[in-house]
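**Student:** predicted model and sequence below, questions to follow.
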Amino acid sequence: MNDLPAVYLPRVGNAFSASLNGGRFYAVGHPGTRRHDTVKRPYLIALPAALLRRDDNVLQITVEATGGRAAQLGPVTLGVHDELEDRFELERFWRVQLSAAMMWMALTLGLMSLAVWRVQREPMFLSYAVAELAWAARLADMFFIEMPLPWPQGGAGVAVAFAISQLAIGQWRALWIGWIALATLCYVLLAVYVGWRAFRERHYWRWIFACFVLMATVAGALDVLESPGSIYMHPTWSRLVWAGYSLALAALVARRLLLARHAQQQANETLRLALAAQAAELDQVNRLRSRVELDLAMAQERQRVMRDMHDVLGARLSGLLSRPGVRATLRT
């Protein structure tokens, strides 16, 4: 049992420190830091008994924020440590542990699709592998409270597609707003296109993707409402939708692979039948050729026998004609 008073911070960052009655007892990062991002996970901090007073306690939380990042301080809750632990564990499960599970899932699916692409060489498998591996890299950032690279280089490494905007956010905010507007427009066009294809083709796979696009829209709206104005949000619902979308794409990849395997089997069967027919035809040709060669050999043998008979008869007739009696008889 831990009945000490504690403070629960669902979101705080990018670095922070906590002081009780003028004595600092907890800190992550330091002033001016660009490597820490404490907003990625919740914190449950027990208040030290040595700094507590009987009354008039003053708790001060200092946030070290960096421009262009999710530097926010969520609702601060004071209470007993054991009573706040359930809320802390639930928040940590949704934001940290679930992210870890989805990261490993995306990494596994991406590597499997990449292995399939190396065999099949179909662009769909490669695009899916790149998407899953990129998403796994994005989720892996959740576990780096102290990033390998300082901001904004660290953020650019997490989201390569937004690198230019992240590097320029401190100076050209209009460029960032224009980029967000363009990305939103592209997403709306994508949603319309997916819905149109689903309505036109009426195939269950199209309807599944259309449903996921709708769910992603709702999840993104909920995440924005939960953390308004945050450029680097750490959404929960969007991750859940992406996990389902990843599984749907994995099923589609598996279905495409099975169809390709079935088509390959059919092609092999067709080739086997064609080879069998060709072999039968060649066998028939060989039999006909053997028969023709046999007939030719028999004809040549008959001709040889006739020549031999002609030569023998000619020689005997010449011998008979060369006798004197036979010639006299013939003259008379």
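**Tutor:** Cool, the structure landed.

**Student:** which stretches of the stretch 201-332 of the chain have low pLDDT?
**Tutor:** Applying pLDDT under 70 to the stretch 201-332 of the chain flags residues 203-206, 209, 220, 223-242, 244-245, 249, 314, 316-317, 319-332.

**Student:** in the stretch 51-200 of the chain, mark out all the helices, start to finish.
**Tutor:** Along the stretch 51-200 of the chain, counting by DSSP state H, counting those that start in this stretch, helices occupy 81-92, 98-120, 123-140, 153-158, 163-168, 173-201.

**Student:** which of those helices has the lowest mean pLDDT?
**Tutor:** Lowest mean pLDDT within those: helix 163-168, a mean of 38.

**Student:** could you list the domains of the protein?
**Tutor:** 5-81, 92-268, 282-323 (automatic domain parsing).

**Student:** can I get these in CSV with distance to A274?
**Tutor:** To be clear about C-beta, it is placed using only N, CA and C from the backbone, and glycine gets the same treatment. Below are the domains of the chain laid out as CSV (distance: least, C-beta to C-beta, whole Å):
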stretch, distance to A274
domain 5-81, 61
domain 92-268, 10
domain 282-323, 12
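
**Student:** any chance of a markdown table for these, columns mean neighbour count and distance to L275?
**Tutor:** What follows is those, written out as a markdown table (neighbours: other C-beta atoms under 10 Å; distance: least, C-beta to C-beta, whole Å):
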| stretch | mean neighbour count | distance to L275 |
| --- | --- | --- |
| domain 5-81 | 17 | 61 |
| domain 92-268 | 16 | 10 |
| domain 282-323 | 10 | 10 |
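
**Student:** so how far is A137 from M112?
**Tutor:** Distance of M112 to A137, computed by C-beta to C-beta, to the nearest Å: 17 Å.

**Student:** over to H36?
**Tutor:** For H36, the distance to A137 - C-beta to C-beta - is 20 Å.

**Student:** got it, and L275?
**Tutor:** Distance from L275 to A137, by C-beta to C-beta: 48 Å.

**Student:** which residue sits closest to A100, ignoring its sequence neighbours?
**Tutor:** F143 (7.2 Å; C-beta to C-beta, 6 or more residues apart in numbering).

**Student:** go ahead and confirm that neighbour touches Q97.
**Tutor:** No - using C-beta atoms under 8 Å, F143 is not in contact with Q97; the gap is 10.7 Å.

**Student:** overlap in contacts, those two.
**Tutor:** Counting by C-beta atoms under 8 Å, 6 or more residues apart in numbering, F143 and Q97 have no shared contacts at all.

**Student:** is it true that M306 lies in a helix?
**Tutor:** Yes - residue state for M306 (DSSP: H, G, I helix; E, B strand; the rest coil) corresponds to a helix.

**Student:** which residues sit in contact with the residue nearest to A100?
**Tutor:** By C-beta under 8 Å, 6+ apart, the contact list for F143 reads K40, V96, A100.

**Student:** can you pull up the most central residue in the chain?
**Tutor:** In the chain, the centroid-proximal residue (C-alpha atoms, centre = their mean) is A129; its distance is 2.6 Å.

**Student:** contacts only, for that one.
**Tutor:** So A129 contacts G110, L111, S113, L114, W117 (C-beta under 8 Å, 6+ apart).

**Student:** against A140, how distant is the fourth one?
**Tutor:** As for L114, its distance to A140 is 17 Å (criterion: C-beta to C-beta).

**Student:** now swap in the second one and tell me
**Tutor:** Applying C-beta to C-beta, one obtains 14 Å for the distance of L111 from A140.

**Student:** could you do the last one as well?
**Tutor:** Relative to A140, W117 is positioned 22 Å away (C-beta to C-beta).

**Student:** same deal with the first one?
**Tutor:** Noted for G110: a distance of 12 Å to A140, by C-beta to C-beta.

**Student:** same check on the third one?
**Tutor:** Between S113 and A140 the distance, using C-beta to C-beta, works out to 18 Å.

**Student:** can you tell me the closest non-neighbouring residue to M142?
**Tutor:** In space, M142 is closest to S99, 4.7 Å off (C-beta to C-beta, 6+ apart).
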